[in-house]
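*Asks:* Okay, sequence plus prediction incoming.
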Amino acid sequence: MCGINGLIGFPDPKRLIQAMNESIKHRGPDAEGQWSDNHITLGHRRLSIIDLSSLANQPLIKDNLIIVYNGEVYNFLELKEDLLKKGVTFRTKSDTEVVLELFRIYRQESFSKLIGMFSFCIYDARRKELFLVRDYFGIKPLYYTIAGSKFAFSSELKALTNLPGIEKDINPKVLVSCINYIWNYTNESIFKQIKKIPPAHYLHLIINDNNLEISIRKFWNIEANIWHSSEKKIKEKLISLLEKSVKKHLIADVPVGSFLSGGLDSSLVTAIARKFNANLSTYTISITPKDKRIEKMPDDNKYAKKVARILNIRHADIKVNPELLDNLKDMVYALDEPLGDPAAINTYLICKAARENGTKVLLSGMGADEIFGGYRRHYATLIANRLSKNPLFFKKIFKNTLTYLPVRIGQYGIRQTRWLKRLFSFIDMPIDLAYMRSYSYYSKESLGRLFNYNFNDTIEQIYKEHSEVFYQIKEFDDLNKMCYTDINMFMPGLNLAYTDRASMAASVEVRVPFIDREVIEFAMSVESNYKIHRGVSKYILKKVAMDYLPRDIVYRPKASFTMPIRSWIADDLRSMVDDVLSISVIKRRGILNYEYIREIIEKDRQGLEDNAYRIYQLLTLELWFRRFIDG
C-alpha cells in the first residue's frame, strides 16, 4: 500500500513532486522515489507489504514503461504464471511488476483481469501516453486536476491543493452532499478544480506537443444476472467465494491482523482467516459505561473477546475516551474532505495500535451490509413502503405522537424512539426517495433552510442523481436496487473513503475481503429473499456464518462501528460545539443559517431530536474550513 503523485506541465516539477511526496509520507514511510523526463514527473511513497526488498521500490521502470502503484492485486501469482509462459522475465517478486507486464501485453484490456484494490499510473515513455486506473469499487483513492496544459494527480487531495495555479473554489454540490449525507457521493471533490477517477474507470492521457488529449472510460460493470437456486447451493457457493477471497487477502510478507467488533461481518472474516493464518491478531474498541447509556448500543467488547477466545487469537482491546477529541483537527485534515462520520476515529485508533504492535495489514468486515442488505435502513425502507398503504389518519396520529416523544431523557438514550422518528420521516415517499431519506440527515426543505444561499437547483440535482443510480439497473428488485445504490454511492463515498484515509494516516493497510469483485458479482446475483428473509437481515450470510461461529455471535444485536458521538455531543463536546458553532463564527463564514443551526443544537440538548450527527458534521465542516481554506 502506497501513495502516488504525478505532474505534467508544472514549473520546477522535481521540487513540487518532492513536496507532494512529503505531504503523503504517512501512506508510505518505508521508501520514497521519483522519476522524470521532459514531459512528466512521477513520485511514490512506499509501504512495503509484498517483496520487502529495495528492488520493488517505485517508480518501477522497465523497457520504456514506468509505473507508480498503490494497492494489492491478489491474483498476481496466477497472472504472473500466465506471463511467464509468454516469455516475460521478472526481476522482483512484487505484484507491481506483474501489473506493469500485464499492461505491456494487454494494454487497456489488462485492467479487468486484476482482482484486488488498486490505483496506479502507467506511463508509456515511447508513446507519451499516461493511464490512471482505479479499482472496481473505489477502495483506493485517486484525485486529479487539469489546469490548461497542466495536469496533476495524487492519492490524496491535500497533495494537490498547494500546487501553483490550483484554485480552492468550493464545489456547491459536494458541500451540500457532505451536509446532507455527511459524505461526498460524487466523483467530484470539495474543490471545483479537483476531481476523482471514478471506480472501475481509467483516464487516458496523450501528450501531443503542448496539448493534452484526455478521455475517461469504464472497464467493468455490475450486471443483473439473478441466480435462481436453492438455499443450499447458494450457501455452498458463498462459502467457497468467501474462503477464496479471505485467503487471497492474507497474502503478505508482513504480519496480518483483523478488525474484530464481535459483530457478524468482522467475526466471520476473522474466523475464516484463522483457518489459513494461525498467527492472526485482532483489535476492537471499547467505550465507557457512561457513553453506552446514551448510545444504547450492544457491547462490542464482550462479543469480540468471546470470538477471540473461541478462535484462540491474540486480542487487543483499545479503550477510548473523549480526550481523543483533542486530535479532532488532525483527523479532519487526514480525511481530506468534510466527512462527518466519527467511525474514522475508530479506524485510526485500531490501525495505530496494530502498527505499534508490528502489524502492517488488517482485514475488515466492511462491505457485507451493503451487498447483503444488512443495514437497518434497508429493512426500514421496505417496512415504510408497506406502511405507506395504511390509512392516512393512522399515519397522521402516529407522526403527531412521535413529535412529542423524546429520544433522550437525561443521560439515557431511547433507541426505539430514534428509529421510529426516522422511519416515519420517509413513510409516504416513493421507494427511491424513501431510501435516500433513510440515510440523509435533512429533508429537502430543511436542507434548503440550512444555507444562506439559494442552493435549490443543487439540491434538486442531488435528488435526481440519487434516483438515476437507484433505477440504473431496472431488473433488480427494490432491495437489490438499494444494495446497488450503496455499492456506487455510500461505499466509495463514506466507508471506503474514511477507511483508506484513517488507516493510511497510521501507515497501515486495510483489506476488505467482502469488497471483492467475485464476491460482489455473486452477491448481486442472489435473490433478495436470501438477503432479508422473514425479518432476518443478511439471512444467507448468517447461514454461512453458522458453520464458523456460535449462534449468539451470528444472531447478536447489530451495533454500529462508530464512536459514542451522541454522548460526546451531549456532554464532552458541548463547549467545543458552542465555540466552533458560535454566532460570530457562523456569520463570519457566511455560508450557513446560524438560527437554524442553533435550533438543531437546542433540540438535541432538550432530547427532542437525535441531531448528534448533524452537529458533529457541522463541527467538522468548520474545522475543515479552518485547515484547508483559512490555512
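*Replies:* Great, that's in hand. Numbers count the residues shown, from 1 in each chain.

*Asks:* For A353, list the residues it contacts.
*Replies:* Taking C-beta atoms under 8 Å, 6 or more residues apart in numbering, we find A353 in contact with Y283, A316, I318. For glycine as for every other residue, the C-beta is placed from the backbone atoms N, C-alpha and C.

*Asks:* So which of those residues sits lowest on pLDDT?
*Replies:* Within the contacts of A353, the minimum per-residue pLDDT falls on I318 (83).

*Asks:* Dihedrals phi and psi, that residue?
*Replies:* Dihedral pair for I318: phi -100, psi 110, per degrees, to the nearest 10.

*Asks:* Tell me what it is bridged to.
*Replies:* With DSSP bridges as the criterion, I318 is bridged to I285.

*Asks:* Which of the contacts of A353 sits closest to V544?
*Replies:* For the contacts of A353, the residue nearest V544 by C-beta to C-beta is Y283; the value is 23.6 Å.

*Asks:* ok but that closest one is inside a strand, no?
*Replies:* Yes - residue state for Y283 (DSSP: H, G, I helix; E, B strand; the rest coil) corresponds to a strand.

*Asks:* what about it, how many neighbours?
*Replies:* Neighbours of Y283 under the rule other C-beta atoms under 10 Å: 26.

*Asks:* now R588
*Replies:* 8.

*Asks:* does it belong to a helix or a strand, and which?
*Replies:* Using DSSP states H and E, R588 sits in helix 583-589.

*Asks:* Now that helix: buried residues?
*Replies:* For helix 583-589, the neighbour count (16 or more other C-beta atoms under 10 Å) marks I586, R589 as buried.

*Asks:* could I get the contacts of A353 as TSV with distance to D369?
*Replies:* Listed next are the contacts of A353 as TSV, based on distance: C-beta to C-beta, whole Å:
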residue	distance to D369
Y283	20
A316	24
I318	22
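
*Asks:* Tell me the one of those residues nearest L142?
*Replies:* Y283 (28.0 Å).

*Asks:* all helices for the stretch 101-250 of the chain, in order.
*Replies:* Applying DSSP state H, counting those that start in this stretch to the stretch 101-250 of the chain gives helices spanning 172-180, 231-249.

*Asks:* will you turn those into TSV that also has mean pLDDT and mean neighbour count?
*Replies:* Below are those laid out as TSV (pLDDT from 0 to 100; neighbours: other C-beta atoms under 10 Å):
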stretch	mean pLDDT	mean neighbour count
helix 172-180	98	22
helix 231-249	98	18
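
*Asks:* okay if I get these as TSV plus distance to L549?
*Replies:* Putting those into TSV (distance: least, C-beta to C-beta, whole Å) gives the following:
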stretch	distance to L549
helix 172-180	37
helix 231-249	13
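
*Asks:* Determine which of those approaches L328 most closely.
*Replies:* helix 172-180 (16.3 Å).

*Asks:* Show me what that closest one is packed up against.
*Replies:* helix 444-450, helix 456-470, helix 612-624 (3 or more C-beta pairs under 8 Å, 6 or more residues apart in numbering; DSSP states H and E).

*Asks:* from these, which stretch is densest packed?
*Replies:* helix 612-624 (a mean of 22; mean count of other C-beta atoms under 10 Å).

*Asks:* Compute the inter-axis angle for it and helix 172-180.
*Replies:* Computed by axes from the mean of the first three to the mean of the last three C-alpha atoms, to 10 degrees, the angle separating helix 612-624 from helix 172-180 equals 140 degrees.

*Asks:* chain center to helix 612-624: distance?
*Replies:* 18 Å (C-alpha atoms, centre = their mean, to the nearest Å).

*Asks:* buried residues in stretch 84-104?
*Replies:* Buried, per 16+ other C-beta under 10 Å, within stretch 84-104: 88, 92-104.
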